[in-house]
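> What follows is a protein structure lacking sequence information:
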């Protein structure tokens, strides 16, 4: 095994860090919370310009043909910056679905636009697909869905009950998809509630077979865990810095073992999370038969660890952690929403335990 | 990034599995289980020799010292397969994983040539003489002293928690050579043959019923000045280097946890609840608990590989090994406690169950030592927070 | 050193249970009148000057105080019963809470006759509200390091500095504050502090809102720029304020409000889940109820010790340490059990509203009134470890 990044990947990380630091400083995050925008357009365009939106798109369609690990690197940085851009749903999940299942026309129609930052895409139907009746009537209801409100395109997993699924493509002008804004405690992102009715319209050419469904699930779960991992690292850094600076009882509070040991345990938890998240992201392309289980495991660990670290960041900050004057609250609120997207926390642990039962 | 064996690694792993299948047989296990004390050590000495001959024992060492100059990933394959095959605890690990790597880094050429090869193939068993009754976590304040007398040093004092000392050939001793310097700047390390006159070794009984460690009393023990390892008064650096290597040796335990997970599943599948209605694996809370530790065991293995890749070959591992040590030893304890919890729900009047229980019970008791030895979990948290996170002392 | 931290079991008197009935009847009426919600959708106490006055009229404030000061000479356990009923009903007790729980008792113990006559009857009537002036931007857990100073001037004191976290300073009439009146000595960094009543209508006091992470206005920063207060603002003995404030903090740590903040959520959770649940869920709820009942017994016991004139510092710290973590556990369990339900995201799901409010407030429980880390230090001292 060689569990390390290549030099190119490290360079990409550096490059994304600089780009995001410039385009999405914390002031931008706070301003976003007060705005009505669907996402941070400036950051989105900068990511497009640097080729990161085309990470999973072939060069023929304007992409940079990188891979899942590179996408994971971008997601981690975006999570750390509390950025509001529909990267996972658009540049990762949608790009992958369209690239694999779309007809040549569909690929030519959508992929270049994704790479160029011209459209945003929301994905619905995982883990619960929309049902399609015998006469083609769709029924689907999901909330909260990241970046759904204001998305240009909606990709929906449609299940006709026969094992294979279809991926429906709906443009935002489509009346059958009612997307309402779904307000949440996370001011760093917009969420929507989607109610889907009507009949099946345009779909991606190829069906989403069970392996494809597993791949989609793995992408969403591992991708979300990657973003969460970035946020946790920043929250831990924030607590550590504060512990070094804040003086009480004549000494930095970081000299007290109660604080030291809390932060040490956080680092152990975070390092464990890193190992499982990168494994999950790697396995999507390199060990696909294991990817869904690995991703669900990673998301389950992230659900617990990230909230713990973000909450303890508030605890270390004392009273000021409970105000909006400092940013600790943003990480907790984001972690709470991260736990709910792509299925509630129990969804991930249930899947794991199901697997155990299969061993019995 | 490649998170599975390369074709070379796969070939090597297959070789290891074959070799273990042929050599770590049921007969071997029976023989091992029937021996005690010095006979057991001699049996394991032979085993270490076999591992060495097969090219498994010290693969990542330089050729000059009997290694294969192989990448660390091959060592990890050996550790993993040993764990998967339920190999017995590695009595030679102190010499092989801790003392020899330190000697290769910090000792004189003649010391390296004399001692290192004999550690590799099991001819010499080594122990460590660090902790004292009044100085465990606070090691640098220790008081055993080594006083110069002509071309010798005279040692007086007492060591404790000395593992395998009663059966070892040598002890790597940390003693005070300078009373006037600040505590951690007045220490030196020495190679002490344990047959030297004046050394009295007394076994201590452990809570798991075994007697693997000892108190060692030094009463005017004379050793030659050539026994000094590293600089005079530079022993703290030597000791810290050894502790860094020791913590990495812990990665073996990570593979052990993975194996333990498989055993927990097997235990839960094979054990019926007392009312006879279910196998434990059918119960939701059992599955949840096993799944939870299973995830952590997976993480422990992945951590082994990820951390191994952090350092170039041969370099001293850093404080990130404290992360591994803390994580795996606490996980190991939790998993053993879970095992007892599972068995406790079975029918202990059944002799089969009782037999299984006493073997799990012994391992459970052993797990308590691991969160203490090599730096307690609390000390590891101090190391992590101070050296990795930069928090002030 | 031996560890002798006891929680004497308490059996409530008949009088207590009769009183409980009276409070419940009153609360039922208040619900009918729409003053208290049928079903609370927020955690924490709401603020209602009217409600506080009506409690005062019923004679349920200043419960333990001498009648001479407007009190009712009742027992600590009776007061406990009144309090837990009010909290369990989600009654809006915020306005009078601090005055009744701690400011009044401090004045009773350390105040002058004039001060007792001036303030206590009005507090007992539910007409006079206090806030707490202790923490400062650089003095949170380390209260003794506070710097806001009160300089002696002719006829009074001049206050300069800033207080922080002062909940309800924007609505209270008075602040009971701790200021530095003399430099601390090397031997005792807690000397030189004095306690004062500050009339918040005094000119020169600037109250700036500090929004909490739920976006609510509860906290304030209170800035004193040479604010002059009269001599009779001083409570108790000059430079002996630390002892007085410590007593005040002890009151703050010992009541049922330290573990009941998310009680409604637990009640709604049980109600929503209904009787037909898996054994696993039953176990989880059972574990919460075990803790609830145990905490209540411990908390009652502390009230009993206060009644007997003891100073159960360690016991109060233990109850708050366990209690606040219990308060945090309820939303975690509730989230796990409710978020998987198909009705979770319905617009009209009021349990979700309550749950999300509880989630937002959770971090505060282990910070306010003494962080978990500080409480553990107090407990460690009780164990002889410091």
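Structure's in. What do you need? On a predicted model such as this, the values are computed, not experimentally measured, just so you know.
> From here on, just use CA atoms for contacts and neighbour counts.
Will do.
> ok, and the helix or strand in chain B with the lowest average confidence?
Lowest on mean pLDDT, DSSP states H and E among the helices and strands of chain B sits helix B:235-249, with a mean of 86.
> Off-centre distance for that helix?
12 Å (Cα atoms, centre = their mean, to the nearest Å).
> same thing with stretch A:171-190?
16 Å.
> Check what contacts it and list those residues.
A:29-30, A:32-34, A:38-39, A:82-85, A:143-144, A:146-154, A:170, A:191-198, A:330, A:333-334, A:337 (Cα atoms under 8 Å, 6 or more residues apart in numbering or on different chains).
> which ones among those are found in strands?
Judged by DSSP state E, strands contain the following of the contacts of stretch A:171-190: A:143, A:144, A:146, A:153, A:154, A:170, A:191, A:192, A:193, A:194, A:195, A:196.
> Let me know the closest of those residues to residue B:146.
For the ones in strands among the contacts of stretch A:171-190, the residue nearest residue B:146 by Cα to Cα is residue A:146; the value is 68.2 Å.
> Hmm, the closest one is touching residue A:122, no?
Yes - shown here, residue A:146 and residue A:122 form a contact pair, counting by Cα atoms under 8 Å, at 7.0 Å.
> Surely residue C:261 forms part of a helix?
No - counting by DSSP: H, G, I helix; E, B strand; the rest coil, residue C:261 falls outside a helix, being coil.
> Count residues in the vicinity of it, would you?
26 (other Cα atoms under 10 Å in any protein chain shown).
> Report the separation between it and chain B.
Residue C:261 is 29 Å from chain B, where distance means Cα to the nearest Cα, to the nearest Å.
> Can you tell me how far that residue is from residue A:25?
36 Å (Cα to Cα, to the nearest Å).
> which residue ranges form the helices in the stretch 151-300 of chain A?
Ranges of helices within the stretch 151-300 of chain A are A:210-245, A:257-286, A:288-317, based on DSSP state H, counting those that start in this stretch.
> meant to ask about the stretch 1-150 of chain C
Using DSSP H, counting those that start in this stretch, helices in the stretch 1-150 of chain C cover C:14-32, C:49-58, C:76-88, C:94-98, C:104-110, C:113-124.
> Make JSON lines out of the ones you listed and add mean pLDDT.
Shown next, in JSON lines, are the helices of the stretch 1-150 of chain C (pLDDT from 0 to 100):
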{"stretch": "helix C:14-32", "mean pLDDT": "96"}
{"stretch": "helix C:49-58", "mean pLDDT": "96"}
{"stretch": "helix C:76-88", "mean pLDDT": "94"}
{"stretch": "helix C:94-98", "mean pLDDT": "96"}
{"stretch": "helix C:104-110", "mean pLDDT": "95"}
{"stretch": "helix C:113-124", "mean pLDDT": "98"}
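> Could you identify which of those helices is most buried?
Ranked by mean neighbour count, the helices of the stretch 1-150 of chain C are led by helix C:94-98 with a mean of 23 (mean count of other Cα atoms under 10 Å in any protein chain shown).
> the domain parsing of chain B - what is it?
B:7-90, B:126-233, B:251-388 (automatic domain parsing).
> how about stretch A:184-191: buried residues?
In terms of neighbour count (16 or more other Cα atoms under 10 Å in any protein chain shown), stretch A:184-191 has its buried residues at A:184, A:185, A:186, A:187, A:188, A:189, A:190, A:191.
> And it, end to end?
7 Å.
> tally of neighbours for the residue in the stretch 201-350 of chain A that chain C sits nearest to?
Chain C sits closest to residue A:323 of the stretch 201-350 of chain A, with a gap of 4.0 Å, by Cα to the nearest Cα. Neighbour count for residue A:323, taken as other Cα under 10 Å: 23.
> what's near enough to touch it?
Here residue A:323 is in contact with A:329, C:210, C:211, C:212, C:213 (Cα under 8 Å, 6+ apart).
> List the ones among those residues that fall in strands.
Short answer: these in strands (DSSP E) are C:210, C:211.
> Spatially, which two of the contacts of residue A:323 are the most separated?
A:329 and C:210 (13.9 Å).
> which among the buried residues of stretch A:184-191 gets closest to residue C:314?
residue A:185 (37.1 Å).
> if I look at the closest one, how far off is residue C:359?
Taking Cα to Cα, one finds residue A:185 at 10 Å from residue C:359.
> Let me see the backbone angles for the residue of the stretch 201-350 of chain A closest to chain C.
phi -110, psi 170 (degrees, to the nearest 10).
> Make a markdown table out of the ones in strands among the contacts of stretch A:171-190 and add pLDDT and distance to chain B.
Formatted as a markdown table, the ones in strands among the contacts of stretch A:171-190 follow (pLDDT from 0 to 100; distance: Cα to the nearest Cα, whole Å):
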| residue | pLDDT | distance to chain B |
| --- | --- | --- |
| A:143 | 87 | 27 |
| A:144 | 90 | 27 |
| A:146 | 91 | 28 |
| A:153 | 93 | 34 |
| A:154 | 93 | 33 |
| A:170 | 89 | 37 |
| A:191 | 93 | 31 |
| A:192 | 91 | 33 |
| A:193 | 91 | 32 |
| A:194 | 91 | 33 |
| A:195 | 90 | 34 |
| A:196 | 89 | 35 |
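> Counting neighbours, what do you get for residue C:4?
Residue C:4: 9 neighbours (other Cα under 10 Å).
> Check residue B:181 too.
12.
> who in chain C is up against chain A?
Within chain C, the positions near chain A by Cα under 8 Å from any Cα of the partner chain are C:138-142, C:145, C:165, C:210-213, C:215, C:336, C:339-340, C:345, C:360, C:363-364, C:366-368, C:371, C:373.
> tell me the contacts of residue B:122?
B:45, B:46, B:47, B:48, B:49, B:92 are the contacts of residue B:122 under Cα under 8 Å, 6+ apart.
> Quick check on the residues you listed: which are buried?
B:45, B:47, B:48, B:49, B:92.
> Tell me how far the third one lies from residue B:95.
Read it as residue B:48. 11 Å.
> Quick check: neighbours shared by these two?
residue B:120.
> returning to what we had before: between residue A:146 and residue A:122, which contacts overlap?
By Cα under 8 Å, 6+ apart, the residues touching both residue A:146 and residue A:122 are A:86, A:89.
> one step back: how about CSV for the ones in strands among the contacts of stretch A:171-190, with distance to residue A:211 added?
Below are the ones in strands among the contacts of stretch A:171-190 laid out as CSV (distance: Cα to Cα, whole Å):
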residue, distance to residue A:211
A:143, 25
A:144, 25
A:146, 24
A:153, 24
A:154, 21
A:170, 23
A:191, 28
A:192, 28
A:193, 27
A:194, 26
A:195, 27
A:196, 25
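> picking that back up, which of the helices of the stretch 1-150 of chain C sits closest to residue C:324?
Comparing the helices of the stretch 1-150 of chain C by Cα to Cα, helix C:76-88 comes nearest, at 15.2 Å.
> picking up where we left off before, residue A:329 and residue C:210: who's more crowded?
residue A:329 (27 against 21).
> OK, contacts around that one?
Going by Cα under 8 Å, 6+ apart, the list of residues near residue A:329 reads A:310, A:314, A:321, A:322, A:323, C:213.
> Please name the bridge partners of the closest residue to chain A within the stretch 151-300 of chain C.
Across the stretch 151-300 of chain C, no residue is closer to chain A than residue C:212, which sits at 4.0 Å (Cα to the nearest Cα). For residue C:212, the beta-bridge partners under DSSP bridges are residue A:323.
> Wait, it touches residue C:167, no?
No - Residue C:212 is beyond contact range of residue C:167, at 10.6 Å (criterion: Cα under 8 Å).
> list the residues that contact both of these two?
C:218, C:219.
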